[in-house]
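>>> Below: sequence and its predicted model.
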Amino acid sequence: MTCTLELKREQPEKAQKVVVISTDTHQQLKDLSAETGIKLHKLIDSCLRFALDHIVIVGEDD
């Protein structure tokens with residue numbers, strides 16, 4: 001099964017928060033931003049929203 005992430009333009013959020021990511025992940029996102037022309041902060045938000053919508057938690061509850 002292949003998942004895709006479709007991106008659409010939206011109005012900017014009024015507030016933004018800082019999130020810490022690895023240097024490698026940051027570089028991958030910068031490269032993707034350059035390739036697509038999508039601003040880095042918007043691309044990161046879209047990727048995180050996609051991940052949160054598709055996350056599956058496994059294992060026992062503590």
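That came through, no problem.
>>> where does the protein dip in pLDDT?
Scanning the chain with the threshold set as pLDDT under 70 gives 1, 62.
>>> Let's check: the centremost residue of it is which one?
By CA atoms, centre = their mean, the chain has its centre lying nearest to Cys47, at 2.0 Å.
>>> So that residue sits against Val19, correct?
No: judged on CB atoms under 8 Å, Cys47 makes no contact with Val19 at a distance of 11.0 Å. Yep, even glycine has a C-beta here, placed from its N, CA and C like the rest.
>>> picking up where we left off before, list the contacts of the residue nearest to the centre of the chain.
Leu5, Leu29 (CB atoms under 8 Å, 6 or more residues apart in numbering).
>>> So Leu40 sits against Lys30, correct?
Yes: using CB under 8 Å, Leu40 is in contact with Lys30, at 6.3 Å.
>>> All the helices of the protein, residue numbers only.
23-36, 40-54 (DSSP state H).
>>> Dump stretch 35-50 to PDB, restricted to CA.
C-alpha atoms of stretch 35-50 as PDB (Å, rounded to 0.1, in the frame of the first residue of the first chain):
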ATOM      1  CA  GLU A  35      12.500  20.900  -4.900                       C
ATOM      2  CA  THR A  36       8.800  21.800  -4.400                       C
ATOM      3  CA  GLY A  37       9.000  25.500  -3.600                       C
ATOM      4  CA  ILE A  38       7.000  24.900  -0.500                       C
ATOM      5  CA  LYS A  39       8.200  27.000   2.500                       C
ATOM      6  CA  LEU A  40      10.000  24.900   5.000                       C
ATOM      7  CA  HIS A  41       7.700  25.600   8.000                       C
ATOM      8  CA  LYS A  42       4.600  24.600   5.900                       C
ATOM      9  CA  LEU A  43       6.300  21.500   4.600                       C
ATOM     10  CA  ILE A  44       7.200  20.400   8.200                       C
ATOM     11  CA  ASP A  45       3.700  21.100   9.400                       C
ATOM     12  CA  SER A  46       2.200  19.000   6.600                       C
ATOM     13  CA  CYS A  47       4.500  16.100   7.200                       C
ATOM     14  CA  LEU A  48       3.800  16.100  10.900                       C
ATOM     15  CA  ARG A  49       0.000  16.200  10.300                       C
ATOM     16  CA  PHE A  50       0.300  13.300   7.800                       C
END
